[in-house]
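Novice: Any chance you could fold what I've pasted below:
(one chain, ligands or ions: 1)
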Amino acid sequence: MLFDGVWFRYARHAPWALREAVATVDPGDTVVVLGPNGAGKSTLLQLAAGVLRPVRGAVRNRPPVVGWVPERFPADQPFTAAGYLRAMAALRRAPASAVDHWIDRLGLGAHAGTPLGALSKGTAQKVGLAQALLAPPGLLVLDEPWEGLDAHARTLVPQIVAEVTAAGGAVLVSDHRGEITGLPAAVHWSVTSGALKIRPTRPAVPRQPGAPAPSVPRQPGAAAEPGAAAEPGAAGQAGAAAEPGAAAEPGAAGQAGAADQPGEPARPGPDEVVVEIAVPRAEAGEAVVRLRDSGHRVLRVRQAPTPDVRQEPTGAPGATEGESR
Ligand SMILES: Nc1ncnc2c1ncn2[C@@H]1O[C@H](COP(=O)(O)OP(=O)(O)OP(=O)(O)O)[C@@H](O)[C@H]1O
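Specialist: Presented below is the predicted three-dimensional model:
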């Protein structure tokens with residue numbers, strides 16, 4: 001899916017809530033949308049889901065089945081919880097078994113016969129989550145999905161996200177509360193107020209005082225965002241970090257010997273183990289980005305031995321050495 005220069009405002013002379021958003025989302029991506037109150041996260045997510053239409057630009061190649069979970073489930077509807085889910089399943093041509101599955105999985109059984117308006121906020125949110133999953137979504141859009149959920153349901157969110165992406169769906173999720181650590185392999189966008197730009201970021205990695213900012217890969221021709229290069233691993237324009245191979249260009253962080261984060265020791269610590277993984281050469285850069293986003297340290301990336309060079313016992317094509325936390 002492509003955000004192709006998307007602009008949006010809520011009224012003709014209102015300020016722009018989103019300006020010239022350019023980004024791509026690929027099947028299997030998890031995109032976490034970060035930003036302060038009022039920055040435009042919900043606006044962006046509603047544009048992604050097709051709930052809002054761009055004033056300028058376009059959202060292209062949206063998957064046909066979209067699951068949309070708004071920040072607040074609209075409970076003012078004349079249904080019981082189960083009745084609502086059955087009606088939504090019929091609309092989406094999903095089997096009745098899908099209703100039973102999600103009622104069971106989200107612990108809604110005791111509330112199945114309760115009118116939507118009488119549900120607690122958290123239970124209503126679960127109904128909102130369930131309706132988005134009745135038909136397997138090609139795009140799942142979650143606006144602050146943890147709000148109001150109990151501890152058990154909160155742990156289900158990352159599981160559900162992982163299942164959707166494993167099935168080839170993409171997930172966009174806004175996150176106010178730092179729950180993103182539970183979402184593996186996420187690409188981070190931050191929506192900045194004022195200019196309302198989108199760019200991929202990653203959780204701040206502490207750098208030693210005085211350590212130089214790392215050089216970062218950028219898409220060819222992409223202009224750097226102000227301040228982007230000062231953030232560890234920031235990758236320039238929206239979508240760059242999600243581009244397979246983006247970091248594997250010559251001179252980029254994915255190349256042999258260049259993978260250490262500044263200020264981090266290059267050897268495993270006493271509480272760590274080294275896990276060797278092999279990835280296709282073209283995906284090395286993306287693998288480095290995703291491993292780091294998942295909280296792992298990448299010690300180095302080494303090239304595959306060429307056939308006329310004696311193989312090391314542990315050598316493998318495009319091997320990336322990742323390290324557990
Ligand atoms: N329905 C609306 N009508 C008019 N303006 C709106 C509407 N919804 C949002 N806005 C405005 O658009 C801007 C972006 O709001 P948005 O809800 O997208 O931000 P957000 O980052 O999701 O904020 P929060 O984290 O508080 O939910 C804000 O200035 C907000 O006041």
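
Novice: what does the longest helix belonging to the chain contact?
Specialist: If you go by DSSP state H, the chain has its longest helix at helix 151-166. Under the criterion Cβ atoms under 8 Å, 6 or more residues apart in numbering, residues 28-30, 67, 105-107, 122, 125-126, 129, 133, 136-137, 140, 142, 145-146, 149, 170-171, 173, 179, 182-185 lie in contact with helix 151-166. All C-beta spots, glycine's among them, are computed from the backbone N, C-alpha and C.

Novice: average pLDDT for whichever helix or strand comes after that helix?
Specialist: Following helix 151-166 in sequence order, the next helix or strand is strand 170-174 (DSSP states H and E). The pLDDT scores in strand 170-174 average 94.

Novice: May I have strand 170-174 as CSV, with CA atoms only?
Specialist: Output of strand 170-174 as CSV, limited to C-alpha atoms (Å, rounded to 0.1, in the frame of the first residue of the first chain):
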residue,chain,number,x,y,z
ALA,A,170,0.0,-5.6,7.1
VAL,A,171,-0.7,-3.9,10.5
LEU,A,172,-0.7,-0.2,11.3
VAL,A,173,-0.9,0.5,15.0
SER,A,174,-0.7,3.7,16.9
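
Novice: Now do the helix or strand following it, average pLDDT.
Specialist: Using DSSP H and E, the next helix or strand after strand 170-174 towards the C-terminus is strand 186-191. Here strand 186-191 scores 81 as its mean pLDDT.

Novice: Can I get strand 186-191 in CSV? Just the C-alpha atoms.
Specialist: The C-alpha trace of strand 186-191 is given here as CSV (Å, rounded to 0.1, in the frame of the first residue of the first chain):
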residue,chain,number,x,y,z
ALA,A,186,7.9,-3.3,13.8
VAL,A,187,8.8,-0.4,11.6
HIS,A,188,8.3,2.9,13.4
TRP,A,189,6.8,6.0,11.9
SER,A,190,6.6,9.2,13.9
VAL,A,191,4.0,11.8,13.0
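
Novice: Pairing partners for it, with directions?
Specialist: Here strand 186-191 has these sheet partners by DSSP bridges: strand 30-34 (parallel), strand 198-201 (antiparallel).

Novice: Could you identify which of those strands has the lowest mean pLDDT?
Specialist: The minimum mean pLDDT among the strands paired with strand 186-191 belongs to strand 198-201 (a mean of 48).

Novice: Now S42. Its backbone dihedrals?
Specialist: phi -60, psi -40 (degrees, to the nearest 10).

Novice: Tell me how far it lies from V6.
Specialist: Look at S42 and V6: by Cβ to Cβ, to the nearest Å, they are 14 Å apart.

Novice: who's more crowded, those two?
Specialist: Higher neighbour count among S42 and V6: V6, with 26 against 20, using other Cβ atoms under 10 Å.

Novice: From the contact counts, what lies against the helix or strand harbouring the more buried one?
Specialist: According to DSSP H and E, V6 maps onto strand 2-8. On a contact count with 3 or more Cβ pairs under 8 Å, 6 or more residues apart in numbering; DSSP states H and E, strand 2-8 meets strand 18-24, helix 41-49, strand 56-60.
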